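In: Starting from these lines, generate the structure:
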Amino acid sequence: MAMACLALNGCASTEEKPDVAMQELVLMFPGHYDNTAQVEADIAHGVQPPHEALVLDIVPIEAIMIGDNVFYVQESVAGDPQRVLAQKVVMFGVVKKEIVQTDFALGEPHRWRNGQLNPDLFKGLMTQDVHSTKGCSLRWKRSEGKFVGANDPKTCHGRAGGAGGIAQIQSRAELGPLEYATAELAFDKPGHLTQGRADDPFYRFRKQSRASD
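Out: Predicted structure coming up:
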């Protein structure tokens, strides 16, 4: 059977092409999310402190100077949309048969604030408006009905919390049709956790309609 499969070149045809998988991923990615269910579960089970209640907005944008499959991501405090905690631009691509996510920080965040309400704003985004951190890209793959992504902590570094030194950054993510989970941990040189939660590092967001906000 194996020899016949090779002779007919049929084995390779069953292997999922990364660009096909990426297109499915980028269709799932955008949405209006919150982690209300996670916070309620924390409170019900006595988790202290509970995860912070957050809202996440992800919209596709047209930013030809950055690339294809580009998104704007904004994180804010649930119930207080004026308290924006984080903004970034995310791009997906296929590199060496792997789905790769590259995050870009915005040089002037206030200029793009609430860009999810006006995606056309990003048509003027130039390469000098953003910068990426080398070595911190996430590699995505399909796993058990969802997509999972992770970076290589050995190549991703940032500031170590209040210590002011250099930290090793470990990022992970999970994406399904209705859920998106993210986790980021930072470890100082001796290996101590300086940022993130040791008990449950994931913030687990569920896709919502804007009417529920």
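In: residues making contact with the lengthiest helix in the chain?
Out: With DSSP state H applied, the helix covering the greatest number of residues in the chain is identified as helix 18-28. Contacts made with helix 18-28 from outside it, assessed by Cβ atoms under 8 Å, 6 or more residues apart in numbering, are listed as 60, 69, 71, 92-94, 97-99, 140-142, 147, 175-177. (C-beta placed from N, C-alpha, C; glycine too.)
In: Most neighbours among those residues, which one is it?
Out: Using other Cβ atoms under 10 Å as the neighbour test, the contacts of helix 18-28 are led by residue 99, with 24 neighbours.
In: any idea how far residue 194 is from that residue?
Out: In this structure, residue 99 and residue 194 are separated by 29 Å, where distance is defined by Cβ to Cβ, to the nearest Å.
In: which parts of the longest helix of the chain are buried?
Out: Taking 16 or more other Cβ atoms under 10 Å as the neighbour-count basis, helix 18-28 is seen to contain the buried residues 18, 21, 22, 25, 26, 28.
In: again, but for stretch 205-212
Out: By neighbour count, and taking 16+ other Cβ under 10 Å as the criterion, the buried residues in stretch 205-212 are 205, 206, 207, 208.
In: residues touching the third one, list them.
Out: Under the criterion of Cβ under 8 Å, 6+ apart, the contact partners of residue 207 comprise 31, 32, 33, 177, 178, 179, 180.
In: can you list contacts of the helix or strand residue 167 falls within?
Out: Under the criterion DSSP states H and E, the helix or strand holding residue 167 is strand 165-175. Applying Cβ under 8 Å, 6+ apart, the external contacts of strand 165-175 come out as 25, 28-29, 101, 136, 138, 140, 146-151, 153-154, 156-161, 180-189, 194-195, 201-202.
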